[in-house]
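*Asks:* What follows is a predicted structure for the sequence shown.
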Amino acid sequence: MEKLLNIDELSEILGVTKSTIYSWTSQNKIPHIKLSKRLLKFRENDIEAWIGRRAVSADTSFLVQEDEKRKRSRTSLNLHDDFIEKIIRNAKKRVLRS
């Protein structure tokens, strides 16, 4: 038989108050076993699966946008650097001709 957690254990594992867990069970938001009117138990595997279903993937689209901004900025800087290099080359040619 798999381990059944009591409300105190679950409260500690999840880091929430017992009253929160009671509220979740009354709203059927969390898987539980009701052994009697006042006795609740929680299957460890059910709780792990429940937690897994609540995992939210990070939104990384902002990273792509930031990377595109950096690329545009670098392109702009490269064009600026290329322009400055061209001015310097032309100035050197003029100095060498004189």
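*Replies:* That came through, no problem.
*Asks:* Going by the annotation, which residue ranges form each domain of this protein?
*Replies:* 4-53, 58-98 (automatic domain parsing).
*Asks:* okay, these in a markdown table with mean neighbour count and mean pLDDT next?
*Replies:* Glycine gets a C-beta too; all of them are placed from N, C-alpha and C. Listed next are the domains of the chain as a markdown table, based on neighbours: other Cβ atoms under 10 Å; pLDDT from 0 to 100:
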| stretch | mean neighbour count | mean pLDDT |
| --- | --- | --- |
| domain 4-53 | 13 | 94 |
| domain 58-98 | 9 | 70 |
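*Asks:* can you map out the helices along this protein?
*Replies:* For the chain, the helices defined by DSSP state H occupy 7-14, 18-26, 44-53, 61-97.
*Asks:* Next, format these as CSV and append distance to Ser36.
*Replies:* Shown next, in CSV, are the helices of the chain (distance: least, Cβ to Cβ, whole Å):
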stretch, distance to Ser36
helix 7-14, 13
helix 18-26, 13
helix 44-53, 19
helix 61-97, 49
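*Asks:* out of the ones you listed, which comes closest to Lys37?
*Replies:* Among the helices of the chain, helix 18-26 comes nearest to Lys37, with 12.0 Å by Cβ to Cβ.
*Asks:* Quick one: residues in contact with the closest one.
*Replies:* 7-8, 10-11, 14, 29-30, 32, 34, 40 (Cβ atoms under 8 Å, 6 or more residues apart in numbering).
*Asks:* Can you tell me which of these comes closest to Glu85?
*Replies:* Closest to Glu85, out of all of those and judged by Cβ to Cβ, is Leu14, at 61.0 Å.
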